[in-house]
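Undergrad: when you get a sec, could you give me coordinates for this:
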Amino acid sequence: MAAAAMPLAELEQWLQARVDQHPAATSLPMLGGYVAAIVAGPVSINPLDWICPLLAIDADAFNHGGTPEFAAISAVALRYNEISQILSTTPRQFEPMHRRKANGGVDPRPWCQGFYAAMRLRLLAWAPMLDASNVNHGLLLPILLHCRDDQGRPLLGPPRNGRETWRAYADIPAAVEALRQYWMPIRYAR
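TA: From the prediction side, this is the model:
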C-alpha cells in the first residue's frame, strides 16, 4: 500500500473537501487522534469498520487501487502502522499532532475529538474507562476534557479554570500509552 499512499498535506485537503460527506476526521489532527484510539483501544476493529467512517468512503473503495480513496486508505494504513510501531517500541516518543492557536498556544481539541470519534465506534467496550468509579477513569480525562458532545457542549460539563485544565493536553501522550497498557491484556488475551 505504501506506493499508493496520499501525502499527508494532500490527505488533509482531501478530507476538508469531503466535509459534506461527514468523515469522522476533517483534519490531520483529528485523523491522528482517531487512529491513536484505534491502536490503543480495548478491541481490535476490522479496518473496514473504522476506515470507512473515518474517511466517509464505501467499503468498495478498498477494491480499487489508483483512486484518491485508495490513496487515502493507504495513507491511513501507514499512519496506523506508524502510531502502532511507536506505541509498541518507543512509547515515550509518541506525540499527538496538535494545531497551534493564533496566539501560539496548543489546540488539542481536534486531536481529542478524533480520539473520541473512534471511541464511539465501540463505546460499550470503552465503558469501564467511562465509569468514574474506575480508578483508571482519569486516564481519559486529558482527552475528554477537550471534547464536545453532538450538541457542541463540553463532554465533561462546564470548563474548569486552572493550570491542570489548560495544560491537560501535555498529559495526552502518557495517557494514550497507559490506555494501551490497560487494554492490552483484554485486547490480546491468550
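Undergrad: list the residues that contact the nearest residue to R18 once chain neighbours are set aside.
TA: Spatial nearest neighbour of R18, chain neighbours left out: A56 (5.5 Å); criterion: C-beta to C-beta, 6 or more residues apart in numbering. Where C-beta positions appear, they are placed from N, C-alpha and C, glycine not excepted. In this structure, A56 makes contact with 18, 21-24, judged by C-beta atoms under 8 Å, 6 or more residues apart in numbering.
Undergrad: select only the buried ones of these in ChimeraX?
TA: To isolate the buried ones among those in ChimeraX, judged by 16 or more other C-beta atoms under 10 Å, type:
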select :18,23,24
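Undergrad: buried sites along the longest helix along the chain?
TA: Scanning the chain for the longest helix, with DSSP state H as the assignment, gives helix 68-89. Going by neighbour count (16+ other C-beta under 10 Å), the buried part of helix 68-89 is 69-77, 79-80, 83-84, 86-87.
Undergrad: same deal with stretch 21-35?
TA: Buried-residue list, stretch 21-35, by 16+ other C-beta under 10 Å: 23-35.
Undergrad: just stretch 141-161 next, same as before
TA: For stretch 141-161, the neighbour count (16+ other C-beta under 10 Å) marks 141-147, 155 as buried.
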